[in-house]
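1. how would this look folded up:
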Amino acid sequence: GPQGIGLLGGGVAVMRISAIYLIMMALVLSAVLPAAAQVAEPDSLLPPPTEINNGLMAIDLGLLTVGVWAPSRIMGTDWAYIGFNTIKENMKTGFVWDHDDWAMNQWGHPIHGGQFFNAARTNGYDFWGSIPITMAGSMTWELFMEAEPPSLNDLISTTVGGVYMGETAYRLSSMILDNTARGNERIVREVAAGLLNPTRGFTRLVTGNANRVYENPADRADRDPEDLELMINSGVRWGNSYREARGGEIEDDLPLHGFIEADLFYGTLAGLKRQRPFDFFRMGVQVNFISGRPIGELRVRGNLWHNNISDPAEKVQKFVLTQDFEFNSNPTYERGGTGVSLMYYREHQLGGGNFLAWNVAPSWTLLGGVDALPAKILSEIEGARERYREYDFGIGPGATAGVNWVRKNRQLVSLRYELRYLEVVNGSNGYGFDAHHTTQVFNVRGFVPLPFQNLSLGLDYELFLRNSFYEFADIGNVTQRAPIFHVFASWNPGRGNWFD
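-> Numbering: from 1, shown residues only. As a prediction, the model looks like this:
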């Protein structure tokens, strides 16, 4: 279901989801600001709490559910008029595929799911134990909180997406928090962590942990990674797209526009020691200054399991099972999905300060999507635009490969390739049911280090290729070639422990 969908699609939903978080944070601020500066110094620090608090978890889940539904009900949104009859009808109808827009389904629902995940995570559950709670939160929403049939794709996106959104928020807020801090430092840390992870901030407020002085986790890896790297790029991008189908050719332009993107590397694959999910993750976002497409890319990859093939002291060579998420949206194509990969990872120290790392990974897309040409044609020719769905849902195998060359801790070259096959399980406008898509992405990025600290100039070339087959006779095979160019300045402080 829409979870707040309106005329502005995913943006409205995210705004309404944010409303309950802001209310939570107002409560956090009102309690923490006067209290944190008055914490008494104990003779010895208390141990950190370890017990599971199911009662408070249920309260968190209830607030996250009712708090998102209530604004839509007050505003008179049709789907928010619920009652016993709508619940009964939802139970009778069962799960369907919905028609929400690309942004709402691909990252709006994972944001909500991430807070469901943290309702469990911050109340004593570990990573794996928080997953069924996330699914229960999503199931409750789909069956009881909407006067529309429950959505299968929402259940998947909220649950699976909630895992990577929730655990990354939990890890990043853990870096900020310090249970031994006092006074103004404690205030700043609690507020900052609460803004990043509102459910955790609210939970710490209710339990009193927001202003209680006690020990930090015994294992420092539970609080911050050994290595942390941030890369921020800003510049301009442009491109075009060429589609060929049975009915002719379609050419689209990606006009010149500005962008800014940030990539965060939490930990390193080489540094993985524990069997704890997301001891390493990479997450990135690209913001575009172009009408209608402010969020151009979102990406997350985090480890679930790893195994060293050789002695790490001699060489870095390992298998890593990862959870992956990717969202792409621009005027020439939409694509993305969530899945898992089994990566072979290898590092080489080449001498002279040169370092090379490469990886190959077969993958499986649990639920992915790509824009559908039939929907676009019908919207332009017949005026039969679907409510928001102009993309196909699919599942299937794939593979990725990558190479990175670093010299004296400065990035020089990165290469990336991605292959994905999607067998359509639900198509836009009906014509996507008997269809499949093969997409490829080639990317090469080069950096020219500047004499200024951590600054470089960069060039990036990305080529998106697709081959789609539709049983719909008037469409048939569709091929697409969409190159995109980037020119940018890059700031990269390099690897190192930011917390020493």
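2. Run a quick neighbour tally on Thr479.
-> Residues near Thr479, counting by other CB atoms under 10 Å, number 14. Where you see a C-beta, it was placed from the backbone N, CA and C, and this is true even at glycine.
3. which element is it on?
-> Assigning secondary structure by DSSP states H and E places Thr479 in strand 477-491.
4. Against which helices or strands is that strand packed?
-> Counting contacts by 3 or more CB pairs under 8 Å, 6 or more residues apart in numbering; DSSP states H and E, strand 477-491 packs against strand 228-245, strand 248-266, strand 455-470.
5. mind saving the C-alpha coords of that strand as PDB?
-> Presented in PDB, the C-alpha positions along strand 477-491 are these (Å, rounded to 0.1, in the frame of the first residue of the first chain):
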ATOM      1  CA  ASN A 477      12.500  -6.700 -28.500                       C
ATOM      2  CA  VAL A 478      13.700  -3.500 -27.000                       C
ATOM      3  CA  THR A 479      17.300  -2.500 -26.800                       C
ATOM      4  CA  GLN A 480      18.700   0.600 -25.100                       C
ATOM      5  CA  ARG A 481      22.100   2.300 -24.900                       C
ATOM      6  CA  ALA A 482      22.400   5.200 -22.300                       C
ATOM      7  CA  PRO A 483      25.900   6.700 -21.700                       C
ATOM      8  CA  ILE A 484      26.300   9.200 -18.800                       C
ATOM      9  CA  PHE A 485      29.300  11.400 -18.200                       C
ATOM     10  CA  HIS A 486      30.500  13.100 -15.000                       C
ATOM     11  CA  VAL A 487      33.100  15.700 -14.400                       C
ATOM     12  CA  PHE A 488      33.700  16.500 -10.700                       C
ATOM     13  CA  ALA A 489      35.900  17.600  -7.800                       C
ATOM     14  CA  SER A 490      36.400  15.000  -5.100                       C
ATOM     15  CA  TRP A 491      37.200  15.300  -1.400                       C
END
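6. Just the buried residues of that strand, please?
-> 478, 480, 482-484, 486, 488, 490 (16 or more other CB atoms under 10 Å).
7. Stretch 174-189 now?
-> Neighbour-count burial for stretch 174-189 flags 174-179, 181-182, 186-187, 189 (criterion: 16+ other CB under 10 Å).
8. now those as CSV including secondary structure, pLDDT and distance to Gly394?
-> Below are the buried residues of stretch 174-189 laid out as CSV (DSSP: H, G, I helix; E, B strand; the rest coil; pLDDT from 0 to 100; distance: CB to CB, whole Å):
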residue, secondary structure, pLDDT, distance to Gly394
Ser174, helix, 95, 36
Met175, helix, 94, 36
Ile176, helix, 95, 38
Leu177, coil, 95, 40
Asp178, coil, 94, 45
Asn179, coil, 92, 45
Ala181, coil, 93, 48
Arg182, coil, 91, 53
Arg186, helix, 93, 48
Ile187, helix, 93, 48
Arg189, helix, 95, 43
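9. In contact with Gln317, which residues?
-> Counting by CB atoms under 8 Å, 6 or more residues apart in numbering, Gln317 makes contact with 308-310, 345-347.
10. same thing with Asn123?
-> Going by CB under 8 Å, 6+ apart, Asn123 touches 52-54, 56-57, 60, 203.
11. That one: what secondary structure?
-> coil (DSSP: H, G, I helix; E, B strand; the rest coil).
12. Any chance of the backbone angles for it?
-> When read as degrees, to the nearest 10, the backbone of Asn123 gives phi -110, psi 30.
13. Can you give me the distance of the closest residue to Ala245 other than its chain neighbours to Gly368?
-> Spatial nearest neighbour of Ala245, chain neighbours left out: Val478 (4.7 Å); criterion: CB to CB, 6 or more residues apart in numbering. Noted for Val478: a distance of 17 Å to Gly368, by CB to CB, to the nearest Å.
14. can you give me the strands in the stretch 201-350 of the chain?
-> For the stretch 201-350 of the chain, applying DSSP state E, counting those that start in this stretch gives strands covering 228-245, 248-266, 281-288, 295-308, 317-330, 333-351.
15. For Ala103, give me phi and psi.
-> The phi/psi pair for Ala103 (degrees, to the nearest 10) is phi -60, psi -40.
16. Surely it and Ile295 touch.
-> Yes. Between Ala103 and Ile295 there is a contact under CB atoms under 8 Å: 6.8 Å.
17. residues shared between the contacts of those two?
-> 327, 329.
18. out of these two, which sits in the busier spot?
-> Ranked by neighbour count (other CB under 10 Å), Ala103 and Ile295 place Ala103 first, with 22 against 18.
19. and the gap between that one and Lys315?
-> For Ala103, the distance to Lys315 (CB to CB) stands at 43 Å.
20. repeat for Val370
-> Taken as CB to CB, the span from Val370 to Lys315 is 38 Å.
21. Excluding chain neighbours, what is closest to Gly292?
-> Of all residues not flanking Gly292 in the chain, Pro331 sits nearest, at 7.9 Å (CB to CB, 6+ apart).
22. need the contact list for Ala270.
-> Ala270 touches 312, 316, 347, counting by CB under 8 Å, 6+ apart.
23. mind redoing it with 7 Å?
-> 316, 347 (CB atoms under 7 Å, 6 or more residues apart in numbering).
24. Next: the one 5 residues further on.
-> Contacts here follow CB under 7 Å, 6+ apart; on that basis Gln275 touches Trp305.
25. go on, the one 5 residues further on?
-> Contacts for Phe280 (CB under 7 Å, 6+ apart) come out as 266-269, 272, 302-303.
26. These: which two are farthest apart?
-> For the contacts of Phe280, the maximum inter-member distance is 12.6 Å, found between Thr268 and Gly302 (CB to CB).
27. For the two, indicate the residue with more neighbours.
-> The residue with more neighbours, out of Thr268 and Gly302, is Gly302; 23 against 19, by other CB under 10 Å.
28. quick one: the more buried one and Phe278 touch, right?
-> Yes. Using CB atoms under 7 Å, Gly302 is in contact with Phe278, at 4.2 Å.
29. Identify the contacts common to those two.
-> Residues touching both Gly302 and Phe278 (CB under 7 Å, 6+ apart): Glu167.
30. List the neighbours of whatever helix or strand Asn443 lives in that are in contact with it.
-> Secondary structure from DSSP H and E places Asn443 in strand 435-449. Residues from elsewhere that reach strand 435-449 (CB under 7 Å, 6+ apart): 335, 370, 392, 394, 410-424, 427, 456-471, 490.
31. quick one: stretch 141-161 to chain centroid distance?
-> Chain-centre distance of stretch 141-161: 18 Å, with CA atoms, centre = their mean, to the nearest Å.
32. picking that back up, of the buried residues of stretch 174-189, which is the nearest to Gly351?
-> Looking across these and measuring by CB to CB, the closest to Gly351 is Met175, at 33.9 Å.
33. What's the separation between that closest one and Thr168?
-> 11 Å.
34. From what I see, Cys365 and Gly398 are in contact.
-> If you look again at residue 365, you'll see it is Thr, not Cys. Yes. The pair Thr365 / Gly398 is scored as a contact, 6.1 Å apart, by CB under 7 Å.
35. can you pull the buried residues of stretch 316-331?
-> 316-318, 320, 322-331.
36. picking up where we left off before, most neighbours among the contacts of Gln317, which one?
-> Neighbour tally across these (other CB under 10 Å): the maximum, 21 neighbours, falls on Tyr345.
37. And the nearest residue to it once chain neighbours are set aside, which helix or strand is it part of?
-> The shortest distance from Tyr345 to any non-neighbouring residue, by CB to CB, 6+ apart, is to Asn359 (4.6 Å). Applying DSSP H and E as the criterion places Asn359 in strand 354-371.
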